[in-house]
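A.B. asks: give me the fold of what follows.
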Amino acid sequence: MSDDLDGWGGAEFVLAADRLDTPDVVEAADPGDTLRQVASAAAQVRTALRSCAETDLSAFTAEGRPRAIVVAGVGASALAGEMLNALAGLSTPVQVVVSPAERLPGWVGATDAVIAVSSSGATPETLAIATEAARRGCRLAGVGAAGSPLHRIAEQARAPFVPVVPAGLPRSMLWAVAVPLLVIAERLGVTRIGADTYELTATRLEEVSHQCRPASESFVNPGKSLALDLVGALPMVWGTSALTKVAARRFVGQLHENAKYPALWGVLPEAAHTQVAAFDGPFAPRSSRLSAPGQDAPGPGDVSDMSGWELDYDDAEPASGFTALRLILIADPDEDQRVAAQRAAVTELAGQRGVGISELAMDGEHPLVRLAGVIQLTDYASVYLAVASGIDPGQTVAIHDLQARIE
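C.D. replies: Purely as a prediction, here's the structure:
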């Protein structure tokens, strides 16, 4: 938990911590049982494996490996495709493409496999791609709710369909839709996971759920501690590898949907060339001068010549209501050495600028286990941040309002 309360009144911070450590308040603030849905992750893994075992997936074998795998999905379903991409790695002979749009790329044809993923089985974009894939003669598979429109499309195309057991909101069903996708990819020889690794993944999800349980107080609860780090801040989440990129995207998406918090995600080394510039902006409590040592002073016509502008805010204190950046770094033990050096430099630079830092370290032998631990932790943190802020994590009024306007 951060002790730096700059930009966030001490009384408000204490109130947020008190909310998280009062079981009755947590329960009342989460009427949709979002925390229970997060806790179902391990059960989702095991249930999905049973569904795969009961589904005829004989059309997907390493001998009939496709040119490419196209994963059609949005939200958590699209993230499942990104997870597959990261686990497959650069050495895979099969290209993995995630398509959240309503149309397949023009090059996709009969030599490619399309896996349509939708926990509800009713996502319009996914249905459109599944229909088009069947028309083009692609090898098709569906993952979603039994009896749904997606299920009917798969039946009409005589394609395998892995049913998903509903466990709550679509964003809480990542593992229910990800596991069938990974199993199909493994049958094609694109990934190597195995039954033991799936069970280790479920066990890791259970371990994190126990650590982050609502009855566990914030000083020993990593989910609550991370949430309190983010209270009153603008989160910037960076990964350091393809695997941690998935975790960063997931965390930001959950911050949006559960906590209703704006947040940014990035990945080193790209973020070191772009997003790090925000350390010199108005959201960095102690930003440096705009001109770095050795650079020429601003010339005539630069914004520094404009009356009323103060560009030197080296020692400026944040104003009342100031929203400070908070950097969350997700480190992977398999990250490149150069990236590891960049991460260390970023940590030092952030400290100089007064940007708070939370570091999350992946651990575990298999990448899927490492990814599961961080995703489960940050899923909990996003819900606890909503509770700490007095927001119902289950409501999505703006999303429904926008969909109503579009329809």
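A.B. asks: tell me who's in contact with Ala59.
C.D. replies: Listed by C-beta atoms under 8 Å, 6 or more residues apart in numbering, the contact set of Ala59 reads 139, 141, 159-160. C-beta here means a position set from N, CA and C on the backbone, and glycine is covered the same way.
A.B. asks: for Ser77, that is, sorry about that
C.D. replies: 71, 117-119, 123, 126, 143, 170, 177.
A.B. asks: so which of those belong to helices?
C.D. replies: Those of the contacts of Ser77 mapping onto helices are 126, 177, per DSSP state H.
A.B. asks: and the furthest pair within the contacts of Ser77?
C.D. replies: Val71 and Pro170 (15.4 Å; C-beta to C-beta).
A.B. asks: more neighbours: which of the two?
C.D. replies: Val71 (30 against 20; other C-beta atoms under 10 Å).
A.B. asks: ok, Ala324 touching Gly356?
C.D. replies: Yes. Counting by C-beta atoms under 8 Å, Ala324 does reach Gly356; the two are 6.8 Å apart.
A.B. asks: where along this structure do the strands fall?
C.D. replies: Per DSSP state E, the chain carries strands over the ranges 68-72, 95-99, 113-118, 139-145, 161-164, 233-239, 264-267, 324-331, 356-361.
A.B. asks: between those strands, which one is closest to Gly194.
C.D. replies: strand 161-164 (18.4 Å).
A.B. asks: so in that sheet, which strands flank the closest one, and in what orientation?
C.D. replies: strand 139-145 (parallel) (DSSP bridges).
A.B. asks: ok now the partner strand, how far from the chain's centre?
C.D. replies: 23 Å (C-alpha atoms, centre = their mean, to the nearest Å).
A.B. asks: name the residues that touch that strand?
C.D. replies: Contacts for strand 139-145 (C-beta under 8 Å, 6+ apart): 57, 59-60, 64, 66, 77, 110, 112-122, 126, 130, 133-134, 150-151, 153-154, 157, 159-164, 166, 177, 180-181, 184.
A.B. asks: one step back: shared neighbours of Ala324 and Gly356, anything?
C.D. replies: Ala233.
A.B. asks: of the contacts of strand 139-145, select the buried ones using a PyMOL command.
C.D. replies: A single PyMOL command selects the buried members of the contacts of strand 139-145 (16 or more other C-beta atoms under 10 Å):
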select buried, resi 57+60+66+77+112+113+114+115+116+117+118+119+120+121+126+130+133+134+150+151+153+154+157+159+160+161+162+163+164+177+180+181+184
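A.B. asks: and Val237, how far from Val220?
C.D. replies: Remark: distance between Val237 and Val220 (C-beta to C-beta, to the nearest Å) = 23 Å.
A.B. asks: I meant to write Leu87 there.
C.D. replies: 32 Å.
A.B. asks: check Thr22 too.
C.D. replies: In terms of C-beta to C-beta, Thr22 sits 16 Å off from Val220.
A.B. asks: on that earlier part again, who has more neighbours, Leu87 and Val220?
C.D. replies: Set Leu87 next to Val220 and count neighbours by other C-beta under 10 Å: Leu87 wins out with 24 against 9.
A.B. asks: where in the stretch 101-250 of the chain is pLDDT low?
C.D. replies: Nowhere does the stretch 101-250 of the chain drop to pLDDT under 70.
A.B. asks: hmm, try it at 90
C.D. replies: Applying pLDDT under 90 to the stretch 101-250 of the chain flags residues 101-103, 165-170, 232.
A.B. asks: how about the helices in it?
C.D. replies: Under the criterion DSSP state H, counting those that start in this stretch, the stretch 101-250 of the chain contains helices at 124-136, 149-156, 174-187, 195-211, 222-230, 242-254.
A.B. asks: report the central residue of the chain.
C.D. replies: Arg250 (0.4 Å; C-alpha atoms, centre = their mean).
A.B. asks: hmm, it is touching Thr378, no?
C.D. replies: Yes. Arg250 lies in contact with Thr378 (C-beta under 8 Å); the separation is 6.7 Å.
A.B. asks: overlap in contacts of those two?
C.D. replies: Common neighbours of Arg250 and Thr378 (criterion: C-beta under 8 Å, 6+ apart): none identified.
A.B. asks: separation between the spatially closest residue to Val231 that is not a sequence neighbour and Ala185?
C.D. replies: Distances taken as C-beta to C-beta, 6 or more residues apart in numbering place Ala16 nearest to Val231, at 4.9 Å, with adjacent residues excluded. Here Ala16 is placed at a distance of 41 Å from Ala185 (C-beta to C-beta).
A.B. asks: what about the two, which has more around it?
C.D. replies: Comparing Ala16 with Ala185 by other C-beta under 10 Å, the one with more neighbours is Ala185, at 26 against 23.
A.B. asks: report how many residues lie close to the nearest residue to the more buried one once chain neighbours are set aside.
C.D. replies: For Ala185, ignoring the flanking residues on the chain, the nearest one in space by C-beta to C-beta, 6+ apart is Thr191 at 5.0 Å. Using other C-beta under 10 Å, Thr191 is surrounded by 23 other residues.
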